[in-house]
Every structure is written in structure tokens, then in C-alpha cells.
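In: With the input below, show me the fold.
(chains A and B)
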Amino acid sequence: MRDTRQCGDTGIVASRSGTASMTMSPGLRKLALATHLTLSVGWIGAVAAYVALDAAAATSEDAQTLRAAYIGMELIARKVIVPLAFASLLTGIVMSLGTKWGLFRHYWVLITFLMTIIAIAVLMVETQTISYLAAMAADPTTTDADLRRLGNTLVHSGGAAVVLVVILVLNLYKPRGLTRYGWRKQLSTPQRNSKTSS
Amino acid sequence: MTDPPIAEPDGDDNVTPEPGSKPGMPRWVRAFAIIAIILVLAAVVGFLTGQLGPGSDHGPGRHTGRAGGPALSSAIQPDPGAGAAEAAAAQGWMPSPPRQ
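Out: Reported below is the predicted structural model:
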């Protein structure tokens, strides 16, 4: 049996010892997990769509295709990828803090968190470049020759796709490994260790 | 009788943090750290050799007029706050993008 108590009707469950962090009830946890998975996988899907347009911008010589690709890249980046990235980060933090995994206790959670932060930082910088490319493409005075010289963002978008897949794999496999903080936290909750080792 | 090591569904997919694991950096974390160090060193070398950063054709300033990117004959000043799709719609040659 679980040594926990329900905190009113909030769905939050707290350890009776008071030493463990707040954890979500199973129902709330499943809802949060479903939300986090939807947003995170959606982020990967949006990046995949962006990479397709980015590849078209890198390979096409047709001016209309280039204009459409650059403008579509900006729409996907600003209206889909950026919101999904921040929402995924937020729900990920909620999931980690609302379960016994914690945010800094396990290497896989910590590395996932750091990789997400770095990916979002690069995304926010890259968004400026994407906006400029799209503005050039949207400008009817931009010549076809200039359009073909604009370039692409394949290095960043391809790198982002790889990083997101690595994060996904880490979240699926959850490789073992406690951080020093996680080890200290585990030692400070003896009721769990004694129960599981008796 | 002993309880199983994983006694309660706490984490994703009913998997719980492993009890009793020893502190220390696992091999897979070391591999990640080595890869991260290599990438950071490569970035530093790129900046030092001019392949990355301001003045190069790669990096955040390459197309925003703040760095030496390709000189375009019809270069315009970017407006970071405005979307290109809105600009195109305003110019009347593209349908207005869907509003949120």
C-alpha cells in the first residue's frame, strides 16, 4: 500500500513523511503525461514538416517554390514549433516535479531538460534568421537570383530533429543513473528503501 | 515475503526510479558528456577560425544585416516582430494567413 495522502480535491498526493516531493495522483498524472506526449511528439512532427520545406528551399531552383517554402517555414516555426517547444518544456517540468522522478534526481531527466533548454535557445535565435528569409521571400521586389542565394537552415533544423529524437529515446528507455542530488534524496526517504528491501 | 523492487506506479509507463543504485556517473552519461564536449570544442574552433559567428555566412547574424552574409541586390530591412506572411498579405499578392 502507498504511504500517501490526498490533498483535498486537487489530485495532488503528498508523502506522509513529508520528505518526498509532491506527487500527482494516478489520474492527474495520466492526464499530464498524455498532454506532455501530445505536445512533445507534435513538436517533432512540426520539425519534420519544417525540414521538408527547408530541404525544398535548399534544392529547388523555382522561384515560386522558394517563396512558398520560406514563408511556410516561418509560419511553421513561429506559429507551431515555438509554442509547442515552450509547452513541451512546461509540461515536462510539471511531469518531473509531479512524480518521483524529479527534475535533478536522474541523469536522463536532467540531460533531457538541458537538451530541451539548448534546443529552445537555438530555436529562438534561429527564428530571427527564418523571419528574415521569409520577409525576403515575401517581398515581390526580391529577384529570383536573390531568392536562390538566400540559403537554408538545414543544419539547424536537421540538428534539432536529431536532438528531439535523442530526447524521445531517453524518455522511452529511462536509462539508470542517479545524480548526487538524487542519491541524497533517496537516502533521506528511508521508509521507501526499507519497505522495498525488507 | 519481500515486495518487488518496483512496487508502485509512479512514473511514466508504470516505471519507477530504481532503488539502491550507487551514485556515480554511468557510462552512457560519460558518452553524452564526451559528445557534448566535442561539439562545444568544434563550435569554439569554428568561431576562432571564422567559420561560425559574426562575419561568417553561418550563425544568427548571417541574414539579418548584422554580419557579412551574401550581399543581395534587393535586400530589405527585416522586421523581427512582423511575420512575412502578414507582410505578403498586406501587399496583396498572397492570401491572409489564418489568425489564431
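
In: Show me where chain A has its strands.
Out: Secondary structure of chain A (DSSP state E): strands at A:4-6, A:12-15, A:23-24.

In: For B:I35, the count of nearby residues, please.
Out: 11 (other C-beta atoms under 10 Å in any protein chain shown). Any C-beta I mention is one placed from the backbone N, CA and C, and that applies to glycine too.

In: How about A:V163?
Out: So A:V163, with other C-beta under 10 Å, has 16 neighbours.

In: Flag every buried residue along stretch A:78-90.
Out: A:R78, A:K79, A:V80, A:I81, A:V82, A:L84, A:A85, A:F86, A:A87, A:S88, A:L89 (16 or more other C-beta atoms under 10 Å in any protein chain shown).

In: Just the ones in helices from these, please.
Out: A:V82, A:L84, A:A85, A:F86, A:A87, A:S88, A:L89 (DSSP state H).

In: Make CSV out of those residues and add pLDDT and distance to chain B.
Out: Converted to CSV, those look like this (pLDDT from 0 to 100; distance: C-beta to the nearest C-beta, whole Å):
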residue, pLDDT, distance to chain B
A:V82, 97, 12
A:L84, 98, 13
A:A85, 97, 16
A:F86, 98, 15
A:A87, 97, 14
A:S88, 97, 14
A:L89, 97, 17
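
In: Using CSV, lay out the residues you listed together with distance to A:T23.
Out: As requested, those are exported to CSV (distance: C-beta to C-beta, whole Å):
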residue, distance to A:T23
A:V82, 30
A:L84, 26
A:A85, 26
A:F86, 24
A:A87, 22
A:S88, 21
A:L89, 20
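
In: How about chain A: which residue is closest to chain B?
Out: Across chain A, no residue is closer to chain B than A:A134, which sits at 3.2 Å (C-beta to the nearest C-beta).

In: right, and A:L84 touches A:V47 too?
Out: No. Taking C-beta atoms under 8 Å as the definition, A:L84 is not a contact partner of A:V47, at 9.1 Å.

In: Which helix or which strand is home to B:L48?
Out: Using DSSP states H and E, the element containing B:L48 is helix B:27-49.

In: Mind exporting the C-alpha coordinates of that helix to CSV?
Out: Output in CSV follows, covering the C-alpha atoms of helix B:27-49 (Å, rounded to 0.1, in the frame of the first residue of the first chain):
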residue,chain,number,x,y,z
ARG,B,27,28.8,5.1,-18.8
TRP,B,28,26.0,6.4,-21.0
VAL,B,29,26.2,9.8,-19.2
ARG,B,30,30.0,9.9,-19.8
ALA,B,31,29.4,9.2,-23.5
PHE,B,32,26.9,12.0,-23.6
ALA,B,33,29.4,14.3,-21.9
ILE,B,34,32.2,13.4,-24.3
ILE,B,35,29.9,14.1,-27.3
ALA,B,36,28.9,17.4,-25.8
ILE,B,37,32.5,18.4,-25.1
ILE,B,38,33.4,17.5,-28.7
LEU,B,39,30.5,19.6,-30.1
VAL,B,40,31.4,22.6,-27.9
LEU,B,41,35.1,22.4,-28.9
ALA,B,42,34.0,22.2,-32.6
ALA,B,43,31.9,25.3,-32.1
VAL,B,44,34.8,27.1,-30.4
VAL,B,45,37.1,26.2,-33.2
GLY,B,46,34.5,27.3,-35.7
PHE,B,47,34.2,30.7,-34.0
LEU,B,48,38.0,31.1,-33.8
THR,B,49,38.6,30.2,-37.4
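
In: what is the mean pLDDT for that helix?
Out: The average pLDDT for helix B:27-49 rounds to 91.

In: where does the chain have low pLDDT?
Out: Because you didn't say which chain, this covers chain A. Judged by pLDDT under 70, chain A has its weakly predicted residues at A:1-22, A:190-198.

In: other chain: chain B
Out: Low-confidence segments of chain B (pLDDT under 70): B:1-23, B:53-100.

In: one more time with 90, if that's ok
Out: Scanning chain B for pLDDT under 90 picks out the ranges B:1-25, B:43, B:46-100.

In: measure B:L48 to A:I118 for me?
Out: Separation of B:L48 from A:I118 (C-beta to C-beta, to the nearest Å) stands at 21 Å.

In: that older thread, which positions in the helix holding B:L48 come out as buried?
Out: Buried residues in helix B:27-49 (16+ other C-beta under 10 Å): B:W28, B:V29, B:F32.
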